[in-house]
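Trainee: only the shape, not the letters, is given here:
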């Protein structure tokens, strides 16, 4: 992708189709979303949260082309400074990169691989952001990252497991790891303000 300069508040010139996938889990938990190329990273954070079904309860950060973008937190500073995400567009941060990482909940360490699959003409999808595909349910918040999620699935799928009843109660009584509702996902995306 050729680097384009975007002025803040500029009209989008194209749409980007992104594939967002949680790293380290099988079967894959993923979403395909379409967003304007001029979307701010701060808004992309909300798109990822809505598309995956997360609650925005933890810190996050983008790692793109060797730079870190997010909400600077002086109490969490580790090494390289975080660039404020609020005034950086997706295209500005991508330069020649075709994929990047979105980390959510530093304690649980949910890493999402985000890949730019293609650029589309603006008229392809008149309403964005939009989820056009996906598979499998997002793990519950605070489950303990990928290893905790594997343990959680073991517990809820085996009625003889010592933590079966506690885990089911904790997650609200039921959890279907293969569930994905694209209409509900798009309802959440529609709530994101322009």
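Mentor: Arrived safely. Here the structure is a predicted model, which is why all the values come from computation and not from measurement.
Trainee: list the buried residues for stretch 116-135?
Mentor: Of the residues in stretch 116-135, 116, 125, 128-131, 134 count as buried by neighbour count, 16 or more other C-beta atoms under 10 Å. Quick note: C-beta positions are derived from backbone N, CA and C, even for glycine.
Trainee: all the helices of this structure, residue numbers only.
Mentor: 41-52, 90-94, 145-157, 164-170, 182-190 (DSSP state H).
Trainee: show me which of the buried residues of stretch 116-135 is closest to residue 31.
Mentor: Ranked by distance to residue 31 (C-beta to C-beta), the buried residues of stretch 116-135 are led by residue 134 at 4.0 Å.
Trainee: so how far is residue 50 from the closest one?
Mentor: Distance, residue 134 to residue 50, by C-beta to C-beta, to the nearest Å: 12 Å.
Trainee: now do the contacts for the residue most central in space within the chain.
Mentor: Using C-alpha atoms, centre = their mean, the residue of the chain that lies closest to the mean C-alpha position is residue 48, 3.1 Å off. Neighbouring residues of residue 48 by C-beta atoms under 8 Å, 6 or more residues apart in numbering: 20, 54, 102, 104, 112, 114.
Trainee: same question for residue 141.
Mentor: With contact set as C-beta under 8 Å, 6+ apart, residue 141 has these partners: 54-55, 57-58, 105.
Trainee: and the two most separated of those residues?
Mentor: Between all members of those, the farthest pair (by C-beta to C-beta) comes out as 55 and 105, at 10.1 Å.
Trainee: neighbour count winner among these two?
Mentor: Neighbours of residue 55 and residue 105, each counted by other C-beta atoms under 10 Å, are more numerous for residue 105; the result is 16 against 10.
Trainee: against which helices or strands is the helix-or-strand element of the chain with minimal mean pLDDT packed?
Mentor: Within the chain, judged by mean pLDDT, DSSP states H and E, the helix or strand with the poorest mean is helix 90-94; its value is a mean of 86. Counting contacts by 3 or more C-beta pairs under 8 Å, 6 or more residues apart in numbering; DSSP states H and E, the secondary-structure elements packed against helix 90-94 are helix 41-52, strand 60-64.
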